[in-house]
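[1] From the sequence below, what's the structure:
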Amino acid sequence: MISYSWSDPVASELLHDELALRGFTVIHDRHSFVDGSRISSNMSSGVERCDAFVPYLTRSSLYLDGDQAADRPAVVGELLPALQRRRENLGAERGDRPVIVPVAHGLGGRAATAELVRRVTGEDIGGLWGSVWLDQQSKHILPHEAAAVADATLHAVLERDRPEGPVDVTVVTRGSSPVSNAFTVDATRLLGGDRRPGESADWSRFLIGLRSLVLRLETVVSHRSVRLDVRCHLSAAIATGRVLHQASGWSLTVATRADDAAPAEVGDLTTIAGDFDQHRERGDLIVDIDLIGHDVATLASELAAGLPPIGGRLSLRWVGDGDLDAETIAAVARGVADRVRTAHGKTKPGRIHLAVAAPAAFGALLGHHLTSLRADLVTYELDADGSYVTALTIPADTP
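    Numbers count the residues shown, from 1 in each chain. Below is the predicted model of the structure:
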């Protein structure tokens, strides 16, 4: 839950996005409640049920420049109840809920801010300062600082709860209603929902947040098994599979419409037509894959026209009669990954350009297999005019 003054909306949005990118379901009054509902009662409910409480402390949220006798909802209705709830839960079986990660801006140094909060609230929060201390002279929290706060919050929650595994992770970028999984990476606000592909800078934030979640999980889970539910752009699905790659030690399954798909040990491309066409000894590689009849090849040709001369192109399309069930998706993903590796070996590309129309589960499994290629993976999404635009670049050295 984010607690803040309405005078600090930019800061609250930055914190919301970075927390959501790390798997948190964020309670944020501007986005979490039904229009017309009572914000005060909703925020009180949020304080009572949240696992982590992030107060953004400023002169506005502490009401330093206003009437101290007036209502102070951010203090009286949120900060004080959260501190009281934590105190009551200390030593309890489920630990210090909620984890409190205070963030101060424009209030001075740590000691001075703690003393100021003590005078305003009667509470001593000096022992709750974490490793993140903001630039006190900036207009508001900066994007990299919000990311650091989200990392610190995730670390604190996972260290306290230490999930044993297997871990359920949902990835949402199109506005789909997520299932009630323990971790939901929701980048819909950043990446534009269903009809927009998102900006490259925001896709980079998505990859950083996703990688941070996986890195933190690796330090605490005893059983590295993860079940993915990918309700997202193909770029997000490929990135998720790439982060949870086959050499990472994670055991992966991906939800499909009917069953879960596990990575196939052997590829099967009997239902796939097309092959690799080499143009030069060296150069970037274009891979276009169409499993659902979207004529990706034509769009990829338009894409290629705007790129430097390429080394080769791998163009594949579905020609099967049956359904893309879980087993078929897994086998085709493995087969396509093997073809990409072969083409990579022939052209030694610096970048592999991926234009894909397929179920999201296929994208996750394809990314899972595309490791150790020594090439950046560049993904594309359809823009409003129906052409491909660059979405995400996954650097070759992504762990």
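
[2] The helix or strand of the chain with the lowest mean pLDDT: how far from the chain's middle?
    Using mean pLDDT, DSSP states H and E, the weakest-scoring helix or strand in the chain turns out to be helix 39-49, at a mean of 78. The chain centroid and the centroid of helix 39-49 are separated by 25 Å under CA atoms, centre = their mean, to the nearest Å.

[3] check which helix or strand covers the spatially closest residue to residue 107 that is not a sequence neighbour.
    Distance criterion CB to CB, 6 or more residues apart in numbering; nearest residue to residue 107, sequence neighbours excluded, is residue 113 at 4.3 Å. For glycine as for every other residue, the C-beta is placed from the backbone atoms N, C-alpha and C. Assigned by DSSP states H and E, residue 113 belongs to helix 110-121.

[4] Tell me which other helices or strands the next helix or strand after that helix touches.
    Moving toward the C-terminus from helix 110-121, the next helix or strand (DSSP H and E) is helix 143-161. Counting contacts by 3 or more CB pairs under 8 Å, 6 or more residues apart in numbering; DSSP states H and E, helix 143-161 packs against helix 9-20, strand 52-57, strand 99-100, helix 200-220.

[5] The last one vs helix 9-20, what angle?
    Between the direction of helix 200-220 and that of helix 9-20, the angle (axes from the mean of the first three to the mean of the last three CA atoms, to 10 degrees) works out to 50 degrees.

[6] Can you show me the CA trace of helix 200-220 as CSV?
    C-alpha atoms of helix 200-220 as CSV (Å, rounded to 0.1, in the frame of the first residue of the first chain):
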residue,chain,number,x,y,z
SER,A,200,11.0,1.1,-25.4
ALA,A,201,12.0,2.9,-22.2
ASP,A,202,9.0,1.4,-20.3
TRP,A,203,9.8,-2.0,-21.8
SER,A,204,13.3,-1.7,-20.3
ARG,A,205,11.7,-0.9,-16.9
PHE,A,206,9.6,-3.9,-17.2
LEU,A,207,12.6,-6.2,-17.9
ILE,A,208,14.5,-4.7,-14.9
GLY,A,209,11.5,-5.1,-12.6
LEU,A,210,10.9,-8.7,-13.7
ARG,A,211,14.6,-9.6,-13.4
SER,A,212,14.6,-8.1,-9.9
LEU,A,213,11.6,-10.2,-8.8
VAL,A,214,13.3,-13.4,-10.1
LEU,A,215,16.7,-12.5,-8.5
ARG,A,216,15.0,-11.9,-5.1
LEU,A,217,13.0,-15.2,-5.4
GLU,A,218,16.2,-17.1,-6.1
THR,A,219,17.7,-16.0,-2.7
VAL,A,220,14.8,-17.3,-0.7
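
[7] what mean pLDDT would you report for that helix?
    The pLDDT scores in helix 200-220 average 95.

[8] can you check the first one too?
    For helix 9-20, the mean pLDDT works out to 96.

[9] by contact count, what packs against that helix?
    Applying 3+ CB pairs under 8 Å, 6+ apart, one finds that helix 9-20 makes contact with strand 2-3, strand 52-57, helix 143-161, strand 183-186, helix 188-191, helix 200-220.

[10] of all the ones you listed, which lies closest to residue 109?
    Ranking these by proximity to residue 109 (CB to CB) places strand 52-57 first, at 13.2 Å.

[11] Would you mind listing the buried residues in the very next helix or strand once past that closest one?
    Using DSSP H and E, the next helix or strand after strand 52-57 towards the C-terminus is helix 80-89. Under the neighbour-count criterion of 16 or more other CB atoms under 10 Å, helix 80-89 has 80-83, 85-86 buried.
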